[in-house]
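**Q** have a look; sequence and predicted model below, questions after that.
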Amino acid sequence: MNTTGINFNWMDGDMEVVLPMMLCLIGFSAFWGVSKLKKINDGSVKNILFTKYWGLLTMGILPAIIALYLMPHYSLADYGLTYNPESTMDSVISTLVLAALTMPLAYVTAKKPQHRENYPQIRETNWDRKLIFKNTLGWSAYLLGYEFLFRGILLFPLVDALGVWPAIAINTAMYSATHIPKGMDEAIGAAPLGIVLCLITLMTGTLWVAIIVHILMALANSFSSVYHNPNMKFVR
């Protein structure tokens, strides 16, 4: 390769591409590395909930602090953490449609024996209201951070720097890659969902559709897995 004439200087707009991608890589890796430690990944309520809040920290809170400091011209609202009254109806319709499509799919998938080997992540036999609440809160916290990283930090600055479709392509590739350890089925399925969530996020200007839909999917998957698991049950 002829490198003559290549400009290696830091240029205007580089930060909007480099920083989001590095924050995404480091933030998710920090979460994944800890969550897969043997003494953490044991299916206990305490440790699984710890990984959820650890994900909120590594993919939400810390990246937000770093991004706001190094790219001060972007606010939390610029990353989609805002309410856009002009897109309220579009957000509601998008949420209802996506939920109607994805939640039944989660229910059907949960019937597969191989799926029940990994889900629900909390491996308790009896699921009472307290545990249901803890599981819901944990997933909500984790996915708030997860969506802020992928559909916020990794999307809006790249759109400004590269354009819509290059940004969506990069976003979808990295988003799908995070699902590879869970199996190729999840990685492949994440691609179209990632594209749709990116488009809706950009069209509405907010993260709330992606956050709410992702939480509903996770809870549908989690509770359906309990329902179909012969060794688990819901109790009062």
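**A** Arrived safely.
**Q** make it CA atoms for all contacts and neighbour counts henceforth
**A** OK.
**Q** do you know the pLDDT at the nearest residue to Asp90 once chain neighbours are set aside?
**A** Using CA to CA, 6 or more residues apart in numbering and skipping residues adjacent in sequence, the residue nearest Asp90 is Thr204, 7.0 Å away. On pLDDT, Thr204 comes in at 96.
**Q** which residues are in contact with Thr204?
**A** Residues near Thr204 by CA atoms under 8 Å, 6 or more residues apart in numbering: Asn84, Ser87, Thr88, Asp90, Ser91.
**Q** what about those, which are in helices?
**A** Among the contacts of Thr204, the members found in helices (DSSP state H) are Thr88, Asp90, Ser91.
**Q** okay, now the second one: neighbour count?
**A** Spelled out, that is Asp90. 15 (other CA atoms under 10 Å).
**Q** got it, and Asn9?
**A** Neighbours around Asn9, by other CA under 10 Å: 7.
**Q** so which strand or helix has it?
**A** In this structure, Asn9 is located outside every helix and strand according to DSSP states H and E.
**Q** ok, so of the contacts of Thr204, who is nearest Glu16?
**A** Of all those, Asn84 has the smallest distance to Glu16: 23.3 Å, by CA to CA.
**Q** nearest to Trp208 among the ones in helices among the contacts of Thr204?
**A** Among the ones in helices among the contacts of Thr204, Ser91 lies closest to Trp208 (CA to CA), at 7.8 Å.
**Q** does the closest one really touch Ile211, like I thought?
**A** No: at 11.3 Å, Ser91 does not count as touching Ile211 under the criterion of CA atoms under 8 Å.
**Q** how about the strands in this protein?
**A** Assigned by DSSP state E, the strands in the chain fall at 126-127, 233-234.
**Q** among those strands, which comes closest to Ala106?
**A** Checking these against Ala106 by CA to CA gives strand 233-234 as the closest, at 17.9 Å.
**Q** what sits up against that closest one?
**A** For strand 233-234, contacts defined as CA under 8 Å, 6+ apart pick out Thr125, Asn126, Trp127, Asp128, Val226, Tyr227.
**Q** repeat that for 6 Å
**A** Residues from elsewhere that reach strand 233-234, judged by CA atoms under 6 Å, 6 or more residues apart in numbering: Asn126, Trp127, Asp128.
**Q** over to stretch 163-177?
**A** For stretch 163-177, the external contacting residues (CA under 6 Å, 6+ apart) are Leu158, Val159, Ala187, Ala190, Ala191, Gly194.
**Q** in TSV: the contacts of Thr204, plus distance to Pro104.
**A** Formatted as TSV, the contacts of Thr204 follow (distance: CA to CA, whole Å):
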residue	distance to Pro104
Asn84	29
Ser87	26
Thr88	25
Asp90	22
Ser91	20
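**Q** now these: which count as buried?
**A** Among the contacts of Thr204, those classed as buried by 16 or more other CA atoms under 10 Å are Ser91.
**Q** which one of the contacts of Thr204 sits closest to Asp42?
**A** Ser91 (37.4 Å).
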